[in-house]
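K.L.:
Return atomic coordinates for the entry below.
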Amino acid sequence: MITGDVGAGKTFIAGSITNFLLKEGIQVLFLVVPDFLDAIRSTYSKGTVEEDEATLIKGARQAEVLVLDDLGVHNYTPWTCNKLYSLLNYRMNYHLPVVITTNLDLSEIEKFLGKRTTSRIVQMCRVYRLTVDKDIRYQKSVEDKNY
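P.N.:
Okay, here's the model as predicted:
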């Protein structure tokens, strides 16, 4: 799990890990958590769907490596908490690796997603905290404008 403030480089690192694993022939599914939850939610209102909820969740559960980007950037409802718990619990039970990026620290994750989910994250992941003085995207934007 990679934590840090906005613009610390978490998604960049997760993308680099993904690219490395793909070059090694390892199957990786990179999901932006809010988009994934929205995709699941959207299956409820469609009459005919290309992908149903079970298909989306099965793909995330069974990917060789799962990257969950921006965990915590969504509304915390019992439904979202349950979906995330179920996914992480499955991956833990089957010893499937997950890479997580988040702006939250463990106490915030516990507050929003609950003790059970946080416990599974702690068991599955080493936690790395990225610290930066300024948002890297902002710094790059300023540097690009100076050229």
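
K.L.:
in which helix or strand would I find the closest residue to Q62 other than its chain neighbours?
P.N.:
Spatial nearest neighbour of Q62, chain neighbours left out: L96 (7.7 Å); criterion: Cβ to Cβ, 6 or more residues apart in numbering. Yep, even glycine has a C-beta here, placed from its N, CA and C like the rest. Counting by DSSP states H and E, no helix or strand carries L96.

K.L.:
Look at L96 and say how many residues are nearby.
P.N.:
Residues lying near L96 (other Cβ atoms under 10 Å) number 16.

K.L.:
residues touching it, list them.
P.N.:
L96 sits next to R61, Q62, A63, E64, V65, L66, Y90 when contact means Cβ atoms under 8 Å, 6 or more residues apart in numbering.

K.L.:
what about it, distance to S107?
P.N.:
26 Å (Cβ to Cβ, to the nearest Å).

K.L.:
ok so, going back, narrow the contacts of L96 to those in helices?
P.N.:
Secondary structure from DSSP state H places R61, Q62, Y90 of these in helices.

K.L.:
burial measure for the first one, as a count.
P.N.:
The one in question is R61. Per other Cβ under 10 Å, the neighbour tally for R61 reads 18.

K.L.:
contacting residues for it?
P.N.:
Counting by Cβ under 8 Å, 6+ apart, R61 touches L87, Y90, R91, Y94, L96.

K.L.:
Okay then, goodbye and thanks.
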